[in-house]
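Visitor: sequence and predicted structure are below.
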Amino acid sequence: MHIGIDARLPYYQMGGISQSVLHLLPTLAALDRGNRYTVFHLGRDGRTYTPSAPNFQRRDLYTPCHHRLERWALGAELLPHRLDVLHSPDFIPPALGAKRRIITVHDLNFIYYPQFLTEDSLRYYNGQIQWACQTADHIAADSHATRQDLIEQLNVPPEKVTAVHLAANPLYEYEYTEVEIAATLAKHNLPRGFILFVGTLEPRKNLPTLIRAYALLREMGVDVPLILVGGKGWIYDEIFATITELGLREYVRHLPGIFDEELAHLYHAAGVLVTPSFYEGFGLPALEAQHCGCPTVVSRRGSLPEIVGPQGTMVDEPEDAAAWAQVIERVLSDSQLRAEMVARGYEQAKGFTWESTAVQTLRLYQGDK
């Protein structure tokens, strides 16, 4: 088969979707030497994501991502390549350009929480998702939760959608020395044992509740900083307003631009990772933290129960600040509980591998479910 994979998105933003493409490609190259692959880059992107395997080639396209005419312009550009299969990891397939079109849908946040998006984003996603699901020949969902959302919210036939879990960057599985971890802590002037949040600062992450829980923790005598790692997304003013309102500017720190090994060091040094999201299509930070031996507490929403497993530590009501405070305090103070959470987390994380993701994805390319 001639298989095309759309890799234009990394030019615009190196978020979770882009990272998944970059890890899937080399794993597919190691797995499949029989099919022919074309990896489509944006023409002005000087970087390459195409594996150096004999059956992989790079081709440049000029249609930008998320353009209002994308489905037609992209389809026209793809026609000369005579693709048997096209995989669109950013969920929007072209109107034509391949015999079979496979898309990945990461979440339906814009359906459940439209108030958490900008008007432009909401207009874009609402105007595309129904058409995309109808047009695609098959859909990969990042989690069983997202698969069920597609079936229930968009009436996608169950046989048309397959849950294909992603995995973490392999660097989170590395063994780091105490010297390396200490150097990162010194660079950012951080102690060990802090409370950590990782993710884009946006409404669905529910950070105002975490900040209110942190205020309660300080009243309980917990004297460690709260560290927010991630870039500013959209509609984030309430986050910083809450910090100021509660008098926590001295204790809550925002660290943007922390990636890769430095983030792994922070996971190793943190007392707990907290993910209080209203909704997650996959919940990658929780998986990364478990690989690094960081106790992880998540909300019982979306895909997060899948990531931490049935024995994971979860809070039922995302907006219950008192419940978050109680759970976090116990994790930070109970050494036996921490040890149990670390051990369970290591075992849970082992079940998510890029090899498994690639095997399942290749089955979809081949028409197997």
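Guide: Okay, I see it.

Visitor: do you know how far the closest residue to residue 345 other than its chain neighbours is from residue 296?
Guide: Excluding the flanking residues, the one nearest residue 345 by Cβ to Cβ, 6 or more residues apart in numbering is residue 290, at 3.4 Å. In this view, the C-beta of every residue, glycine as well, is placed from N, C-alpha and C. Remark: distance between residue 290 and residue 296 (Cβ to Cβ, to the nearest Å) = 6 Å.

Visitor: the more surrounded of these two?
Guide: Taking neighbours as other Cβ atoms under 10 Å, residue 290 and residue 296 compare with residue 296 leading, 32 against 29.

Visitor: contacting residues for that one?
Guide: Taking Cβ atoms under 8 Å, 6 or more residues apart in numbering, we find residue 296 in contact with 272, 273, 275, 286, 289, 290, 308, 312, 313, 341, 345.

Visitor: in strands, which of the residues you listed fall?
Guide: Secondary structure from DSSP state E places 272, 273, 275, 313 of the contacts of residue 296 in strands.

Visitor: of the residues you listed, closest to residue 45?
Guide: residue 275 (31.4 Å; Cβ to Cβ).

Visitor: what residues are bridge-paired with the nearest residue to the closest one once chain neighbours are set aside?
Guide: Setting aside the residues directly before and after it, residue 275 is nearest to residue 298 in space (Cβ to Cβ, 6+ apart), at 4.4 Å. In this entry, residue 298 is beta-bridged to residue 275, residue 314, by DSSP bridges.

Visitor: surely residue 298 meets residue 309?
Guide: No. The criterion here is Cβ atoms under 8 Å, and residue 298 misses it with residue 309 at 10.6 Å.

Visitor: between the two, which is the more surrounded one?
Guide: Neighbour count, other Cβ under 10 Å: between residue 298 and residue 309, residue 298 has more, with 26 against 14.

Visitor: now that one: how far from residue 181?
Guide: For residue 298, the distance to residue 181 (Cβ to Cβ) stands at 24 Å.

Visitor: same question, residue 311
Guide: The gap separating residue 311 from residue 181 is 27 Å, by Cβ to Cβ.

Visitor: do the same with residue 2
Guide: Counting by Cβ to Cβ, the gap from residue 2 to residue 181 is 46 Å.

Visitor: got it, and residue 267?
Guide: Distance from residue 267 to residue 181, by Cβ to Cβ: 10 Å.

Visitor: wait, doesn't residue 353 sit right on residue 166?
Guide: No. Taking contacts as Cβ under 8 Å, residue 353 lies outside contact range of residue 166: 9.9 Å.

Visitor: and these two? Which one has more around it.
Guide: With neighbours defined as other Cβ under 10 Å, residue 353 and residue 166 compare such that residue 166 has more, 27 against 17.

Visitor: burial count for residue 119?
Guide: Other residues lying near residue 119 total 8 when counted by other Cβ under 10 Å.
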